[in-house]
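Chemist: one predicted model, sequence on top.
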Amino acid sequence: MTIRKRPRTGVVGVAAVAITATVLTGPAGADTAPPAGHQATQAAIDAAVAGGIPGVAAEARDTTGVWKTASGVGDLKTGEPRGKNDRFRVGHLTSTFVATVLLQMEAEHKLSLDDTVERHLPGLVRGNGNDGNAITVRQLLNHTSGLADYFADSDYVATYVQGEGYLQHRYDTLPHDKRVKVALAHAPVFAPGSRHGFSNTNDVLAAMVVEKAGGRSYEDEVRKRIIEPLGLKATSTPGTGAQLPEPSSRGYSKLFYDTQPDRIDDVTEVNGSQLWGNTDVISSAGDLNRFYGALLRGKLLPAQQLKEMKTTVVNPDFPISSYGLGIERLTLGCGTSIWYRDGGTVGWLSLVALTDDGRHQLAFSYNGDWRADEILPILSAEFCS
């Protein structure tokens, strides 16, 4: 299961079920034994590598300081260890960047979260029972729009996500609205506002609203409003580029998991347009901790907008979690509640978690998109031990 129990089809299925894999372990990357408070976290990270994930890079911050670690390998071909300062595709953590920009725009009276999608993207969300007049920007951000997920479209998945389709088309440049059009070929899953249901389509539309309301590219808005003010030197958006900036490791996926469950493919390179506005941000564990810490400490949003971001709706698919605007609330088995955002893209799984005051943080990345069942043990080790 993933932390949100998403289906394996599509990026973030990343492991709808636990898949037994060839053990691809490498030497733990920690220079020394972890300091008090992180031994259990190191053990849980090492267990994920022992369970088949090629490598894990992580950083924790708390009142005792900053702790960085890496375990396993960053390159299965050369055996090079996973790097502590690796840059990686953050997957759905991208949505927190988008939500932050939209909330800043609301504070500047450039839009309202209760505006309809039709107001900002006239004529786009129509057909097959879909109606942009009935969906608000807020419903895009908390995933209560009811719009179908383009990753649930079997033709799209076969072409761009799995197997030979991915390998043949990973360098294709896609227009931003292609994925939206794929989703709109399907009827809504439920009536807008009636429940929460994750859909990648919401994230793409939210980034499109950013561009309409701001008058410049989504990438420029993220850079000017978040990356540059916070000095996030390892954070970028790829545009149509396919490479990862250095330092980085390779990313791996089980593209043929249905028929060849032990086959692992290097999927590091992909045209960034296929991930635009949804899963395209590239960052490091350190930069992610700086971003989310600043966000929850009120450095990026006025109090009213931060309150809106932290106003959650029930996630019926994962009852111990509730969904806000680009972030989520989770109660761990020990009773500790944290804010977090998890997600993946082909080849990568990432997660950031932190306490309400933003003082205790953990960010980590798998360079493989399976064994998501190891995520909750890592969180519990860090925040419950």
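Modeler: The structure has been received and is ready for your questions. What you see is a predicted model; the values in this text were computed from it and never measured. Numbering: from 1, shown residues only.

Chemist: from here on, just use CA atoms for contacts and neighbour counts.
Modeler: Fine.

Chemist: shaky segments in the protein?
Modeler: Low-confidence regions of the chain, defined by pLDDT under 70, span residues 1-36.

Chemist: skipping adjacent residues, who's closest to the residue minimising distance to the centre of it in space?
Modeler: Nearest to the centroid of the C-alpha atoms of the chain, with distances taken as Cα atoms, centre = their mean, sits His92, at 2.1 Å. If the residues on either side of it in the chain are set aside, His92 comes closest to Gly343, at 4.5 Å by Cα to Cα, 6 or more residues apart in numbering.

Chemist: quick one: secondary structure of Thr279?
Modeler: Thr279 carries the three-state label coil when classified by DSSP: H, G, I helix; E, B strand; the rest coil.

Chemist: what's around it, how many residues?
Modeler: 27 (other Cα atoms under 10 Å).

Chemist: so what's it up against?
Modeler: Shown in contact with Thr279 (Cα atoms under 8 Å, 6 or more residues apart in numbering): Arg89, Val90, Gly91, His92, Leu93, Thr94, Ser95, Gly344, Thr345.

Chemist: I'd guessed the first one sits against Trp276; true?
Modeler: No. The pair Arg89 / Trp276 is not scored as a contact, 11.7 Å apart, by Cα atoms under 8 Å.

Chemist: and the nearest residue to Asp149 once chain neighbours are set aside, how far is that from Ala99?
Modeler: In space, and not counting its chain neighbours, Asp149 is closest to Ser199: 4.4 Å by Cα to Cα, 6+ apart. Computed as Cα to Cα, to the nearest Å, the Ser199 to Ala99 distance reads 15 Å.

Chemist: which stretches of the chain form helices?
Modeler: 39-50, 94-107, 117-120, 137-141, 154-160, 163-169, 178-184, 200-214, 218-222, 228-230, 285-296, 303-309, 375-384 (DSSP state H).

Chemist: highest mean neighbour count out of those helices?
Modeler: helix 137-141 (a mean of 26; mean count of other Cα atoms under 10 Å).

Chemist: would you mind writing the CA trace of it as PDB?
Modeler: Taking Å, rounded to 0.1, in the frame of the first residue of the first chain, the C-alpha atoms of helix 137-141 are listed here in PDB:
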ATOM      1  CA  VAL A 137     -10.100  26.500  -7.100                       C
ATOM      2  CA  ARG A 138     -10.300  25.300  -3.400                       C
ATOM      3  CA  GLN A 139     -11.800  22.000  -4.600                       C
ATOM      4  CA  LEU A 140      -8.800  21.500  -7.000                       C
ATOM      5  CA  LEU A 141      -6.400  22.000  -4.100                       C
END
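
Chemist: helices or strands next to it in the packing?
Modeler: Secondary structure elements in contact with helix 137-141, counted by 3 or more Cα pairs under 8 Å, 6 or more residues apart in numbering; DSSP states H and E, are helix 200-214.

Chemist: quick one: list the elements packing against the helix it packs on.
Modeler: Helix 200-214 sits against helix 94-107, helix 117-120, helix 137-141, helix 178-184, helix 218-222, with contacts defined as 3+ Cα pairs under 8 Å, 6+ apart.

Chemist: give me the contacts around that helix.
Modeler: Under the criterion Cα under 8 Å, 6+ apart, external residues in contact with helix 200-214 comprise 95, 98-99, 101-102, 105, 110-111, 117, 120-121, 137, 140-141, 143, 145, 147-151, 176, 179-180, 183, 217-218, 221, 276-278.
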